[in-house]
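Colleague: sequence and predicted structure below; questions after.
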Amino acid sequence: MTSYKALPLAVLTLLAQAAYANQPSQVNNDDKPSVELEQLIVTLNKTPLAGAAFDDNQKASDTTVVKSKLQQRSATLGNALAGELGVHSNPFGGGASAPVVRGQEGVRVKVLNNGLGVADMSNISPDHAVGVDTLLASRVELVRGASTLMHANASPAGVINVVDERLPSRMPSMPQGEVLTRYTTGSDEKLVTAALSFPIGKHLAMRVEGLARDANPYNVPAIKFDEETLKYLPDSYNNTKASTIGLSYIGDKGHLGIAHTLRRENYGLVGHNHKYDECAAHVIDPHNKLGRGRHYLTIYPHLMDDTDMLDSLHFHCGNDHEADPKHSHDHVYGHKHDHHHKAPWLEMRSSSTSIQGELNQPFNWLDKVKLNLGYTNYKHTEFDEGKPIMTGSKERFVQGNPVYYGNDAYLGKLSFHHSIKDKYGLVWGADYAQNRTHALIPSIKEKSENRRPLVENTQKSLGLFALTNAKFSKLTLETGYRFENTKIPVHYDLDEIDHTLKRYGRAVRQEYPDLTTYKQNAKSYAITALYDITPKLRLDTTYSHNERIPSPMDLYYHGKHLATNSFMFGNKNLDKEKSDNLEFGATFKGDKWSVKGSVYGNNFDNFIHPENLYKVGNLAMRRYTQSKAKIRGAELEVGYQVNPNYKVAVFGDKVRGRLYDFEPIFVGNIYGDRQLVGYEDPEECGWSRTHPDYEEECAIYKRPIIGQETITRPDRHAPRMSPDRLGFRINGEHGNWSSSLEFSKVFAQKRTSESVAAKYDSECPYHNAGRNKLCPIYINEDATDGYNLLNLGLDYRKNTGRLDYTWSVRANNLLNEKIYVHNSFLPFVPQQGRNVSMSLNVKF
């Protein structure tokens with residue numbers, strides 16, 4: 001049973017401080033932080049979003065997380081934003097976490113760094129970290145509405161923009177810097193960040209910054225491994241280093257700068273089952289059902305289509321993984337896990353160069369021109385030392401092959417900004433992205449169909465966008481349009497294809513593959529209206545139509561995806577996804593009360609998602625498919641200023657998702673009674689027409705097809721949807737001290753997805769064609785329990801001469817709750833338990 005002893009103690013502490021805050025202050029008036037805080041709040045509300053097209057068009061659901069908050073949160077993006085309204089996280093151990101916004105993630109939530117896309121491999125798998133450093137950021141923005149079309153077609157849930165200062169845009173008058181040191185008990189984390197900006201002459205400014213983080217496996221309340229219970233999660237360690245140097249020329253009309261960033265990471269991959277290292281998924285047959293040979297599938301299996309798939313899917317593993325118990329709190333990894341051997345780990349290196357420039361008022365009719373260019377060379381390797389596993393009563397040593405991932409990316413954006421009398425605005429421009437990606441297992445020991453999980457490909461996308469802004473007294477209208485053309489050529493070895501077809505062509509006539517480049521256009525448009533009823537109350541609404549082009553992962557991935565305990569298969573015949581989206585929001589900021597809330601809905605056609613095809617034990621096969629989908633949700637936060645020093649707030653969010661209108665699974669034809677349709681030729685049947693037995697011996701009967709037998713794929717809940725959340729927050733300020741208390745109740749997620757697949761089964765009844773038929777199999781998503789999360793914070797700020805320092809303490813998960821995240825592909829892996837972090841931040 002959960003202990004709540006710490007909760008009343010924490011509340012009493014804050015109430016006592018509130019009572020003290022009502023007494024006359026002895027602090028010098030010149031140093032009152034409460035006055036500075038009020039000024040800061042006003043300034044933040046007026047600060048434009050760097051990721052938005054126009055200033056002062058903030059909606060209720062637009063969010064900015066400032067640097068002081070980011071410095072006290074997780075080093076990974078998803079966990080750093082998980083406390084914001086409508087935002088949850090898809091975590092993977094201590095090394096990676098991706099944001100889940102309004103139930104959507106991956107390519108549907110575009111992540112930017114200073115307005116330009118982030119080049120990494122995070123959309124391929126949840127164990128791949130997002131390539132940004134929130135601990136070095138000045139703020140993180142969540143932008144919604146028409147402005148998202150400046151950056152992406154496929155992000156109705158929002159665009160995340162990580163803003164940092166790697167490229168100075170203003171001349172520092174003198175050297176300015178900041179150093180942060182932090183220690184966290186729950187993972188023995190030791191963190192240091194440092195940044196320095198300084199002038200070089202009259203027009204050059206340099207920025208140098210860096211980060212070093214070392215964390216051991218994090219603590220958990222308890223985790224069971226057979227007969228042993230541990231208080232930490234094995235292999236959840238992380239080691240990260242990042243450094244940046246930037247140089248800008250800053251003149252009267254603008255600036256132009258270049259920066260180079262080097263980032264390295266090394267972290268463990270939790271939840272791995274070595275029994276799956278030996279497995280192959282038998283999903284295709286090169287001997288096509290239509291009688292054609294397609295042995296090119298042995299080297300490029302991503303070229304399969306529906307007719308190539310086996311009717312009865314199965315695994316070849318050579319071990320007893322199917323006998324493993326289901327994932328549960330007593331069998332967290334679903335198998336006998338030896339944590340004394342090192343699990344697989346990931347080593348990443350990313351080198352990026354960015355160029356940014358802004359030219360102000362080049363002509364009277366043009367306010368400014370912005371240029372943003374980037375190049376990233378991203379590589380990571382997943383290693384596996386191997387470990388012994390039990391197969392029956394025998395022990396064998398199993399070792400997975402290294403997997404090499406790479407992304408060579410060129411990015412660019414050019415935009416032109418116009419305004420007329422501060423009433424009308426126009427932003428238009430173009431962007432280009434080229435990502436050359438691959439995943440490779442270069443080992444002759446690996447089965448041929450598994451050697452290219454992601455075939456080498458180059459995604460080339462050219463986008464054109466235009467946004468307008470018009471102000472009419474209390475009403476502001478913002479519109480946006482984006483056109484995108486995408487090509488995804490695959491890099492084939494034609495000699496290897498020819499050799500393979502000749503090899504197998506002696507026995508079966510071979511069909512040459514269609515190697516046509518995937519091409520697609522997408523068009524999206526949006527309109528946002530903001531109405532200021534009073535200076536304190538604003539209503540907003542946004543309608544958008546968004547189109548998403550399938551990603552290389554959706555189209556071409558084929559093979560092991562053990563981070564999700566599955567084999568994943570792309571679908572090269574996917575069509576573009578379309579959605580119609582509507583949102584209503586309200587913002588009220590009074591003297592005492594503040595309210596912000598939103599309701600939204602998304603209707604999808606051709607919604608792209610991985611569907612379970614087959615599952616044995618804890619190992620699944622999934623393939624990308626399409627259906628209709630709808631997502632509905634709401635977010636609300638209500639705040640009250642108790643006195644000049646204390647504010648309380650209650651908040652909550654919820655989201656629901658449904659998938660529907662699936663194509664049924666074809667089982668077989670339904671035949672009627674046999675009917676006489678004619679007679680064979682006498683020479684063929686061996687009877688003359690005059691013979692009395694001719695009609696009986698030479699009759700031709702057929703059973704007409706009178707229908708089709710199918711298995712219905714019913715409507716279902718969308719998988720891994722965020723659970724409901726409700727909480728309250730208390731913030732206090734007095735003198736140099738500030739404090740915070742936040743309690744969140746995250747509810748159990750029982751709305752789980754059930755997919756229906758099919759397989760041949762001897763226990764199924766025969767259909768009237770006289771053979772075994774496909775029978776339905778049901779694959780259920782696991783439910784997750786709810787939890788209570790209590791966090792406390794205390795800060796002390798002081799200014800001495802040129803030094804401004806802040807000492808902070810954060811106690812997170814103070815109740816030491818067992819936290820299981822439903823958004824994760826590893827919902828059975830517990831998150832970090834009670835931990836305390838202490839930090840010192842110094843600015844000069």
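Modeller: Arrived safely, thanks for sending. Numbers count the residues shown, from 1 in each chain.

Colleague: for the rest of this, base every contact and every neighbour count on C-alpha atoms.
Modeller: Will do.

Colleague: which ones are touching residue 477?
Modeller: Residue 477 sits next to 469, 470, 471, 527, 528, 529, 530 when contact means C-alpha atoms under 8 Å, 6 or more residues apart in numbering.

Colleague: the second one belongs to a helix, doesn't it?
Modeller: Yep, that's residue 470 we're talking about. No - with DSSP: H, G, I helix; E, B strand; the rest coil as the criterion, residue 470 is strand rather than part of a helix.

Colleague: ok, the residue lying closest to it once chain neighbours are set aside - contacts?
Modeller: Nearest residue to residue 470, sequence neighbours excluded (C-alpha to C-alpha, 6 or more residues apart in numbering): residue 424, at 4.6 Å. Neighbour list for residue 424: 468, 469, 470, 471 [criterion: C-alpha under 8 Å, 6+ apart].

Colleague: which residues in the chain form helices?
Modeller: According to DSSP state H, the chain carries its helices in the segments 6-21, 33-46, 67-70, 77-81, 494-505, 552-556, 682-685, 694-697.

Colleague: now what about the last one, what contacts it?
Modeller: Counting by C-alpha under 8 Å, 6+ apart, the neighbours of helix 694-697 from elsewhere in the structure are 679, 685, 687, 688, 689.

Colleague: per-residue confidence for the first one?
Modeller: Spelled out, that is residue 679. At residue 679, the pLDDT value in this model is 90.

Colleague: tell me if I'm right that it and residue 700 touch.
Modeller: Yes - Residue 679 is within contact range of residue 700, at 5.2 Å (criterion: C-alpha atoms under 8 Å).

Colleague: that older thread, show me which of the contacts of helix 694-697 are buried.
Modeller: Those of the contacts of helix 694-697 that meet the buried threshold are 679, 687, by 16 or more other C-alpha atoms under 10 Å.

Colleague: ok, which pair from the contacts of residue 477 is furthest apart?
Modeller: With C-alpha to C-alpha as the measure, no two of those lie farther apart than 471 and 527, at 13.6 Å.

Colleague: list the beta-bridge partners for the residue nearest to residue 470.
Modeller: With DSSP bridges as the criterion, residue 424 is bridged to residue 420, residue 470.

Colleague: could you do the one 10 residues further on as well?
Modeller: Using DSSP bridges, the beta-bridge partners of residue 434 come out as residue 410, residue 460.

Colleague: number of residues surrounding it?
Modeller: 21 (other C-alpha atoms under 10 Å).

Colleague: contacts only, for it.
Modeller: Counting by C-alpha under 8 Å, 6+ apart, residue 434 touches 408, 409, 410, 411, 458, 459, 460, 461.

Colleague: between these, which sits nearest residue 375?
Modeller: Checking these one by one against residue 375 (C-alpha to C-alpha), the nearest turns out to be residue 410, at 4.7 Å.

Colleague: wait, what's in contact with that closest one?
Modeller: Residue 410 makes contacts with 373, 374, 375, 376, 432, 433, 434, 435, as judged by C-alpha under 8 Å, 6+ apart.

Colleague: so can I have JSON lines of the residues you listed showing distance to residue 69 and pLDDT?
Modeller: Shown next, in JSON lines, are those (distance: C-alpha to C-alpha, whole Å; pLDDT from 0 to 100):
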{"residue": "373", "distance to residue 69": "29", "pLDDT": "98"}
{"residue": "374", "distance to residue 69": "28", "pLDDT": "98"}
{"residue": "375", "distance to residue 69": "30", "pLDDT": "98"}
{"residue": "376", "distance to residue 69": "28", "pLDDT": "98"}
{"residue": "432", "distance to residue 69": "33", "pLDDT": "98"}
{"residue": "433", "distance to residue 69": "32", "pLDDT": "98"}
{"residue": "434", "distance to residue 69": "34", "pLDDT": "98"}
{"residue": "435", "distance to residue 69": "33", "pLDDT": "98"}
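
Colleague: select only the buried ones of those in PyMOL?
Modeller: Buried residues among the contacts of residue 410 (16+ other C-alpha under 10 Å), as a PyMOL selection:
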select buried, resi 373+374+375+376+432+433+434+435
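
Colleague: and which of the contacts of residue 410 is nearest residue 309?
Modeller: Nearest member of those to residue 309, counting by C-alpha to C-alpha, is residue 435, at 29.6 Å.

Colleague: go ahead and confirm the closest one touches residue 409.
Modeller: Yes - shown here, residue 435 and residue 409 form a contact pair, counting by C-alpha under 8 Å, at 4.4 Å.

Colleague: and for the two, which residues touch both?
Modeller: By C-alpha under 8 Å, 6+ apart, the residues touching both residue 435 and residue 409 are residue 119.

Colleague: count of neighbours near the nearest residue to residue 405 once chain neighbours are set aside?
Modeller: Nearest non-adjacent residue to residue 405, counting by C-alpha to C-alpha, 6+ apart: residue 439, 4.5 Å away. For residue 439, the neighbour count with other C-alpha under 10 Å is 22.

Colleague: any idea what residue 648 is bridged to?
Modeller: Residue 648 forms beta bridges with residue 640, residue 730, as assigned by DSSP bridges.

Colleague: measure it to residue 747 for me?
Modeller: Residue 648 sits 22 Å away from residue 747, going by C-alpha to C-alpha, to the nearest Å.

Colleague: what does residue 47 give?
Modeller: The value you get for residue 47 to residue 747, if C-alpha to C-alpha is used, is 35 Å.

Colleague: with neighbour numbers in mind, choose between those two.
Modeller: Between residue 47 and residue 747, counted using other C-alpha under 10 Å, residue 747 has the larger neighbour count: 16 against 13.

Colleague: check contacts around the more buried one.
Modeller: 723, 724, 725, 785, 786, 787.

Colleague: could you rerun that using 10 Å?
Modeller: Counting by C-alpha atoms under 10 Å, 6 or more residues apart in numbering, residue 747 makes contact with 722, 723, 724, 725, 726, 784, 785, 786, 787, 788.

Colleague: mind showing which ranges of the stretch 301-450 of the chain have poor pLDDT?
Modeller: 320-321, 323, 325, 327-340, 387-400, 443-450 (pLDDT under 70).

Colleague: relative to the centre of this structure, find the outermost residue for me.
Modeller: The outermost residue of the chain, judged against the average C-alpha position, is residue 690 (77.2 Å), by C-alpha atoms, centre = their mean.

Colleague: that one and residue 676, how far apart?
Modeller: Residue 690 sits 19 Å away from residue 676 when distances are taken as C-alpha to C-alpha.

Colleague: repeat for residue 270
Modeller: 65 Å.

Colleague: the two: who's more crowded?
Modeller: For the pair residue 270 and residue 676, the greater number of neighbours falls to residue 270 (23 against 10), based on other C-alpha under 10 Å.

Colleague: list phi and psi for the more buried one.
Modeller: The phi/psi pair for residue 270 (degrees, to the nearest 10) reads phi -80, psi 160.

Colleague: double-check it against residue 232; I have them as touching.
Modeller: No - using C-alpha atoms under 10 Å as the test, residue 270 is too far from residue 232 to be in contact (11.8 Å).

Colleague: my guess is residue 204 meets residue 173, correct?
Modeller: No - contact between residue 204 and residue 173 fails when scored by C-alpha under 10 Å: they sit 11.2 Å apart.

Colleague: hmm, residue 573 is touching residue 606, no?
Modeller: No - assessed by C-alpha under 10 Å, residue 573 is found out of contact with residue 606, at 11.7 Å.

Colleague: need the residues touching each of the two.
Modeller: Common neighbours of residue 573 and residue 606 (C-alpha under 10 Å, 6+ apart) are residue 625.

Colleague: what about the spatially closest residue to residue 427 that is not a sequence neighbour, neighbour count?
Modeller: Using C-alpha to C-alpha, 6+ apart and skipping residues adjacent in sequence, the residue nearest residue 427 is residue 417, 4.6 Å away. Residues near residue 417, counting by other C-alpha under 10 Å, number 21.

Colleague: then residue 691?
Modeller: A count of nearby residues for residue 691, using other C-alpha under 10 Å, gives 9.

Colleague: so what's it up against?
Modeller: Contacts of residue 691 (C-alpha under 10 Å, 6+ apart): residue 697.
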